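With the input below, show me the fold.
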Amino acid sequence: MNAMQFLVEIVFDLFLMVVLLRFWLQAVRADFYNPLSQFVVKATSFAVNPLRKIIPGFGGLDIASLVLAFIVAFAKVSVLLMMFHGGWSAPTVLISGALTVVKEGLNLLFWVLIIRAILSWVSQGYNPIEAIFHQLTEPMLRPIRKVIPPLGGLDLSILVLIIALQFLQILFMDFIG
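Numbering: from 1, shown residues only. Alright, predicted model coming up:
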């Protein structure tokens, strides 16, 4: 049963991360022609485009993608409840689904920061993935750099943001646990 639960969770979580990445890319107005952006758009457009006909954007944000993220999270919780707990309740699905979106959003930010840090050490020249990760994370790193400037060419802002993110995740888990 654990293997099947793992597969169900990973499929939903990966798609949820791609949907959240689409929302994030549009929120920061990242380069639409970047290969990663193109992949994200193509992987999610089958579900986002019909929602866009019903749910318009608001203030430059793609609300349809955000709604899809909640739908995917609710579906994940519902499938897991039905498969492994034999029951389903609306309050549980709504609360757990919303918490799943927040948790996966924090996980996505964590992994983007880790990958950006690793790429900054090993990349030589222009890398389209590094460019898009720069566009995604720079709005969060810029205020940290104002407080802690690079020290001798070493930028600690990513480390500070990862530590703050881990603190938020632990705080979040304590709050819901």
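
ok now the strand or helix carrying Ser96, how far from the chain's centre?
Ser96 belongs to helix 90-122 when assigned by DSSP states H and E. Here the centre of helix 90-122 is set off from its chain's centre by 5 Å, with Cα atoms, centre = their mean, to the nearest Å.

Tell me the buried residues in that helix?
Neighbour counts over helix 90-122 (16 or more other Cβ atoms under 10 Å) mark 93, 96-97, 99-101, 103-105, 107-110, 112-113, 116-117 as buried. All C-beta atoms are positioned from the backbone trio N, CA, C, and that covers glycine.

Stretch 5-15 now?
For stretch 5-15, using 16+ other Cβ under 10 Å, the buried residues are Phe12, Asp13, Phe15.

average pLDDT for the helix or strand where Met173 lies?
Assessed by DSSP H and E, Met173 sits inside helix 157-176. Averaged across helix 157-176, pLDDT comes to 90.

Against which helices or strands is that helix packed?
On a contact count with 3 or more Cβ pairs under 8 Å, 6 or more residues apart in numbering; DSSP states H and E, helix 157-176 meets helix 90-122, helix 128-147.

could these be laid out in CSV, adding distance to Lys76?
Output for those, formatted as CSV (distance: least, Cβ to Cβ, whole Å):
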stretch, distance to Lys76
helix 90-122, 6
helix 128-147, 24
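
Which of the ones you listed sits closest to Ile176?
Across those, the minimum distance to Ile176, taken as Cβ to Cβ, is reached by helix 90-122, at 5.8 Å.

Could you tell me the angle between the closest one and helix 128-147?
90 degrees (axes from the mean of the first three to the mean of the last three Cα atoms, to 10 degrees).

And Tyr33, how close does it get to Thr100?
31 Å (Cβ to Cβ, to the nearest Å).

And Met82, by the same measure?
From Met82 across to Thr100, the span is 16 Å (Cβ to Cβ).

doesn't Ala73 make contact with Glu104?
Yes - here Glu104 reaches Ala73: they are 7.4 Å apart, a contact under Cβ atoms under 8 Å.

joint contacts of the two?
Common contacts of Glu104 and Ala73 (Cβ atoms under 8 Å, 6 or more residues apart in numbering): Leu16.

where in this structure is pLDDT low?
Residues of the chain meeting the criterion pLDDT under 70: 1, 177.

For the residue of it most remote from its centre, give me the backbone phi and psi.
Residue farthest from the centre of the chain, counting by Cα atoms, centre = their mean, is Gly152 at 31.8 Å. Per-residue torsions, Gly152: phi 60, psi 40 (degrees, to the nearest 10).

my read: Arg52 touches Val67, true?
No - counting by Cβ under 8 Å, Arg52 does not reach Val67; the two are 9.8 Å apart.
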